[in-house]
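1. here is my input; please provide its structure:
(3 chains)
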Amino acid sequence: MPELPEVESARRVLEGALDREIADIDDTDDWVCRPHRPGDIAKALAGGRLTEAHRRGKTMWCETVISDGTAGPRLGIHLGMGGRLIVTGGDGERAGGEPDRPDRSPRKPEWDRFTVSFADGGRLRLFDKRRLGRVRLEPDLDALGPDAEDITPAEFRERITRGRSAVKARLLDQGVLAGVGNLLADETLWQARIRPSKPVDELDAAELDRLYRALERSLAAAVRNGGVHTGEMIGERNADGACPRCGAPMAHGTVGGRSTWWCSAEQA
DNA sequence: ACTCGTGTTAGCTG
DNA sequence: TCAGCTAACACGAG
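-> The predicted structure follows:
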């Protein structure tokens, strides 16, 4: 389920939906499409095309043109916790956003929360069982911090250390840094050997340096290996789990309102 | 049967 | 203003 690496794979899938004439849009799910009313998105994009697929953190958006060829509104797409994009038509079916797993559960049609139908007969669908995904026109991209893959060390230090909250809560704040989710935050802090609840104003220069490099490393590994669930520490998140580095028991608690795992010895 | 969760956001409290 | 909590969304996993 999607953090930055999974969303980037979904963005690539989204590129398969570009430059195709929009015949119809089903935006009748008023929770997923809030604050729009059913029909608002359909009306805004009818007869137009999606022209570019972008991503910042976990938010994707498409640039569009409308039927007369002028620029249309941006179409924002967020996968939430378990959303998946499926594009059909052209060269078959492609899907992205959720790690591949055997599809044994039924795929109920009502789990398609938003659908763009193209004139060529293909479709772009947001498939999302839990209904936590979101589609909207003109998403507020200014509310997002720099993408976690692009941020410079200086910018990272300046943004992370602002305020006094727990370092994990700060890593998860999409307005500070966009793209880090719960698992990637735990993996990064474990790599950096920093306690998740440590207040950001107590981080010294060496810790900030380790944290930045750990973020780069765990992000690169997740992109390379196909998802954040492939992290070295992530498999040890259970009652009997031991730290893969030192063997000490893994500790569990809540930090920043989210379930958190850390090494009881190295991240004390 | 019951709790938890790889996300976000509005609204509230201290 | 900042930090932390809750509810809402709806389903599968343990």
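
2. okay, whichever residue of the stretch 151-268 of chain A sits closest to DNA strand C: pLDDT?
-> Evaluated by CB to the nearest atom of the strand, the stretch 151-268 of chain A has residue A:163 as its residue closest to DNA strand C, separated by 2.3 Å. C-beta: built from backbone N, CA, C; applies to glycine. Model confidence at residue A:163, expressed as pLDDT, equals 87.

3. so what's the backbone phi/psi at the nearest residue to residue A:182 once chain neighbours are set aside?
-> By the measure of CB to CB, 6 or more residues apart in numbering, the closest residue to residue A:182 outside its immediate chain neighbours is residue A:258, 4.9 Å from it. In this entry, residue A:258 is assigned phi and psi values of phi -120, psi 150 (degrees, to the nearest 10).

4. show me what residue A:258 bridges to in the sheet.
-> When bridges are taken as DSSP bridges, the partners of residue A:258 come out as residue A:255.

5. before we move on, what about the one 5 residues further on?
-> For residue A:263, the residues forming beta bridges with it (DSSP bridges) are residue A:250.

6. for it, list the residues it contacts.
-> With CB atoms under 8 Å, 6 or more residues apart in numbering as the criterion, the residues that contact residue A:263 are A:190, A:193, A:233, A:243, A:245, A:246, A:248, A:250, A:251.

7. just the buried ones from those, in PyMOL syntax?
-> Buried residues within the contacts of residue A:263, by 16 or more other CB atoms under 10 Å, are selected in PyMOL with:
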select buried, chain A and resi 190+193+233+243+250+251
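
8. okay, the contacts of residue A:263 in a markdown table with pLDDT next?
-> Rendered in a markdown table, the data for these read as follows (pLDDT from 0 to 100):
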| residue | pLDDT |
| --- | --- |
| A:190 | 95 |
| A:193 | 95 |
| A:233 | 86 |
| A:243 | 93 |
| A:245 | 92 |
| A:246 | 92 |
| A:248 | 92 |
| A:250 | 91 |
| A:251 | 90 |
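
9. so after the strand or helix carrying residue A:171, what's the next helix or strand?
-> When secondary structure is defined by DSSP states H and E, residue A:171 falls within helix A:167-172. Following the chain from helix A:167-172 toward its C-terminal end, the next helix or strand by DSSP H and E is helix A:182-192.

10. report whether that next one contacts DNA strand B.
-> Yes - contact of helix A:182-192 with DNA strand B is found when judged by CB under 7 Å from any atom of the strand, involving A:182, A:183.

11. packing partners of the helix or strand following that helix?
-> Scanning forward in sequence from helix A:182-192 by DSSP H and E, the next helix or strand is helix A:205-225. On a contact count with 3 or more CB pairs under 8 Å, 6 or more residues apart in numbering; DSSP states H and E, helix A:205-225 meets helix A:4-14, helix A:153-160, helix A:182-192.

12. quick check: residues of the stretch 1-150 of chain A near DNA strand B?
-> Those residues of the stretch 1-150 of chain A that sit near DNA strand B, judged by CB under 7 Å from any atom of the strand, are A:1-3, A:6, A:57-59, A:78, A:80-81, A:99, A:130, A:132, A:143.

13. name the member of those residues with the most neighbours.
-> Neighbour counts for these were taken using other CB atoms under 10 Å; the highest belongs to residue A:2, which has 27 neighbours.
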